[in-house]
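Predicted structure and sequence below. I'll ask about it afterward.
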Amino acid sequence: MLRTRLCELLDIQAPVLGAPMGPEIMGLELAAAVSNAGGLGIISFGGYLPPDLKERIRKLRTMTSRPFGVNILLEGPHLPVPEAAFVDVCIEERVPVLSFFWGDPTPYVEQAHSAGIKVCDQVGSVSAAKRARSAGVDFIIAQGVEAGGHVAGAVGTMVLVPVIVDAVGPIPVVAAGGIADGRGLAAALALGAEGVVLGTRLIASTECNAHDIYKQKIIAATEEDTVRTTLFGNGWPNAYHRTLRTPFVNQWLAEEKRGSEQRPDEPIVGEVTLGGMRMPLPRFGGIPPARDATGDIESMDFLAGQSAGLVSEIKPAAEIIREIVVQGESILTNRAATGAVA
């Protein structure tokens, strides 16, 4: 099987990470499936209170004996308690990998390392990557602008990955954004990355906790059916994200600033789960529909990347990962054998 320095660093068999699609999309079942398949499943802290996050970590450990990660947002949506409380839980539980996004991880790296935890930071620019390198993280995720979900930068994966590799080497870099098959994996490795992150592709997996309508929309979407916007800013204002161009999105794009106004008179479009609790979802609420979402699903935030155009069917996560690794390895081997790759 294809192995890289990332595999050695994280004690995994395949250089494939599952994106921490939150709050409930990357559920425990999918994270366990990714880890059991030889990759690294990463769950979001999901808005859970620290004691509840601790229970989720412990439950995940009953579902996989392989390494996994927990992702924490350092800035952005209002948190019920300071982010340090979530970090403390992860350190107490000795999670194998602690992942950060949307903020500066510097205050937490040394503490995590003291507990034997590997640390990564997801970034969207060279300046943020250099900050992560200075913080002492073990590896960096370079997220291209074509990625789904909240997007930190404005540069495509094809350019961002090599410039970050050049800027932070020898720290391993992992590519995120626009990757859904073995061709993407092979390309990322050729750019100098040591692995890839799968997000959109895993939404269309058997184990994913996404609503069935969400999964079907991913399958039906083309590479042109997403948009980078701030429209779903209710709860996380003015934060760019990539979502599907649904009729609802097309209707409101001209007034996308409305989504970040936090207006108390926005109508309730449905009900979702956040932090294990049921809550009403206002229009423009930035919570994608999980399996248990109810109401006007079509008006919700279907976060997805441009790689949706490469996704055509729902498969078990293990099958997805196996096919990507086999295809990627075959491409690299065959190109090298024919002299197409130096």
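Yes, it's here.

What count of nearby residues applies to residue 334?
12 (other Cβ atoms under 10 Å). Every C-beta, even on glycine, is put in place using the N, C-alpha and C of the backbone.

how about the residue lying closest to residue 37 once chain neighbours are set aside, what does it touch?
Closest residue to residue 37 apart from its sequence neighbours, by Cβ to Cβ, 6 or more residues apart in numbering: residue 318 at 3.9 Å. Taking Cβ atoms under 8 Å, 6 or more residues apart in numbering, we find residue 318 in contact with 33, 36-37.

can you put those residues in TSV and add secondary structure, distance to residue 24 and neighbour count?
Below are those laid out as TSV (DSSP: H, G, I helix; E, B strand; the rest coil; distance: Cβ to Cβ, whole Å; neighbours: other Cβ atoms under 10 Å):
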residue	secondary structure	distance to residue 24	neighbour count
33	helix	16	26
36	helix	20	17
37	coil	21	24
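
what's the spacing between the residue nearest to residue 37 and residue 194?
According to Cβ to Cβ, to the nearest Å, residue 318 and residue 194 sit 21 Å apart.

Then residue 266?
43 Å.

more neighbours, those two?
Ranked by neighbour count (other Cβ under 10 Å), residue 266 and residue 194 place residue 194 first, with 23 against 16.

Residue 171 is in contact with the more buried one, correct?
No: if you go by Cβ atoms under 8 Å, residue 194 and residue 171 don't touch, sitting 9.5 Å apart.

Need the overlap of contacts for these two.
In contact with both residue 194 and residue 171: residue 139, using Cβ under 8 Å, 6+ apart.

Residue 26 belongs to a strand, doesn't it?
No: Residue 26: not assigned to a strand; according to DSSP: H, G, I helix; E, B strand; the rest coil it is coil.

I'd say it and residue 35 touch.
No: in this structure, residue 26 is not within contact of residue 35 by Cβ under 8 Å, at 11.5 Å.

any common contacting residues for those two?
residue 41.

ok, and what's touching the helix or strand containing residue 84?
Assigning secondary structure by DSSP states H and E places residue 84 in helix 83-92. The contact list for helix 83-92, computed with Cβ under 8 Å, 6+ apart, reads 45, 50, 53-54, 57, 70, 72-74, 79, 98, 103, 107-108, 111-112, 115, 117.

What subset of these is buried?
For the contacts of helix 83-92, a burial check counting by 16 or more other Cβ atoms under 10 Å picks out 45, 50, 53-54, 57, 70, 72-74, 79, 98, 103, 108, 112, 117.

Tell me how many other residues surround residue 157.
27.

pLDDT score assigned to the residue nearest to residue 286 when sequence neighbours are not counted?
In space, and not counting its chain neighbours, residue 286 is closest to residue 232: 4.1 Å by Cβ to Cβ, 6+ apart. Confidence at residue 232, expressed as pLDDT, is 98.
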